[in-house]
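Participant: Kindly return the folded structure for what I paste below:
(one chain, ligands or ions: 3)
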Amino acid sequence: MTRRPFDLSLYLVTDPALVRGRPLEAVVAAAVDGGATLVQLRDKTADTGALIATAARLLDVLRPRGVPLVINDRVDVALAVGADGVHVGQSDMPAATVRRLLGEHAIVGLSVTREAELAAVDPAVVDYLGVGPVFATATKADAAAPLDDATIRRIVAASRLPTVGIGGIHAGNAGRPRALGLDGIAVVSAVCAAADPGAAARSLRAAFA
Ligand SMILES: Cc1ncc(COP(=O)(O)OP(=O)(O)O)c(N)n1
Ligand SMILES: Cc1nc(C(=O)O)sc1CCOP(=O)(O)O
Ligand SMILES: [Mg+2]
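Facilitator: Ligands and ions are numbered 1, 2, ... in the order given. Presented below is the predicted three-dimensional model:
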């Protein structure tokens, strides 16, 4: 089975509320040019038509740059635009269903917020795990309490999949997820809200390296 290649080093998760009125595709293009390696379209408020239009605009800037686009939660939107994958959480569509609908080549990501959730993860279905929150975050209202270091280390050690840390990560603290063994960092506000998203991405890459 050949899966689409992806790089978790710096995973940009978008939030239209944080981009200060700038076009989302301009923020994403700058971030990718600064070093973002994977992009997730995450918008909890847009209607389906708007999400599809936004996803198509993001693909226009990502395809020439060779960076995959993952859609948060919405398999229908991913299918509609031919996106590269979908990220789901524990209460979303089951990962096995996402895999069945998207096919063997798609990127399927799954959130893990507790060690106990690892038992149900099938590496034949899921490509990577989003582990968090690593730090407290104001971006996701229903985020769990931050994980302690020992728990993150155990999740990383027990996982048979690549892991990306998420939640409250910025250039000033990105060394810690690295030290805990995570394969990459996923950020929302540290790039979307930055005055210069390209510079923010460069700083995050340097801090995690
Ligand atoms: C890379 C990554 N990790 C975790 C999440 C969170 O997903 P989920 O738990 O489904 O929460 P929502 O993002 O849907 O609010 C993520 N989106 N990306
Ligand atoms: C989308 C998301 N998922 C999380 C999880 O813990 O699963 S935390 C989060 C928001 C991360 O935003 P920021 O980088 O601005 O803190
Ligand atoms: Mg979700």
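Participant: neighbouring contacts of the lengthiest helix in the chain?
Facilitator: With residue count as the measure and DSSP state H as the assignment, the chain has helix 48-62 as its longest helix. Under the contact criterion CB atoms under 8 Å, 6 or more residues apart in numbering, helix 48-62 has outside partners 14, 16, 23-25, 28-29, 32, 39, 41, 43, 46, 68-69, 71, 74, 76-78, 80-83. Bear in mind the C-beta positions are built from the backbone N, C-alpha and C, glycine included.
Participant: go on, stretch 167-185?
Facilitator: By CB under 8 Å, 6+ apart, stretch 167-185 touches 7-11, 37-38, 128, 131-137, 140, 143, 146, 149, 152-153, 156-157, 162-166, 186-187, 189-190, 200, 203-204, 206-209.
Participant: now stretch 118-127
Facilitator: Contacts of stretch 118-127 from elsewhere in the structure, counted by CB under 8 Å, 6+ apart, are 3, 6, 85, 95-96, 99, 107-110, 112, 129, 155, 158-162.
Participant: Now, those residues that are in helices?
Facilitator: Counting by DSSP H, the contacts of stretch 118-127 place 95-96, 99, 155, 158 in helices.
Participant: Which residues are in contact with residue 133?
Facilitator: Taking CB under 8 Å, 6+ apart as the criterion, residue 133 is in contact with 113, 140, 143-147, 166-168.
Participant: Quick check: residue 71 vs ligand 3, distance?
Facilitator: Note on residue 71: its distance to ligand 3, by CB to the ion, to the nearest Å, is 10 Å.
Participant: Look at that residue and give its secondary structure.
Facilitator: strand (DSSP: H, G, I helix; E, B strand; the rest coil).
Participant: Compute the number of surrounding residues for it.
Facilitator: Burial of residue 71, expressed as a neighbour count using other CB atoms under 10 Å, amounts to 29.
Participant: And the pLDDT at the closest residue in space to it that isn't next to it in sequence?
Facilitator: Closest residue to residue 71 apart from its sequence neighbours, by CB to CB, 6 or more residues apart in numbering: residue 78 at 4.2 Å. Among the per-residue scores, residue 78 holds a pLDDT of 98.
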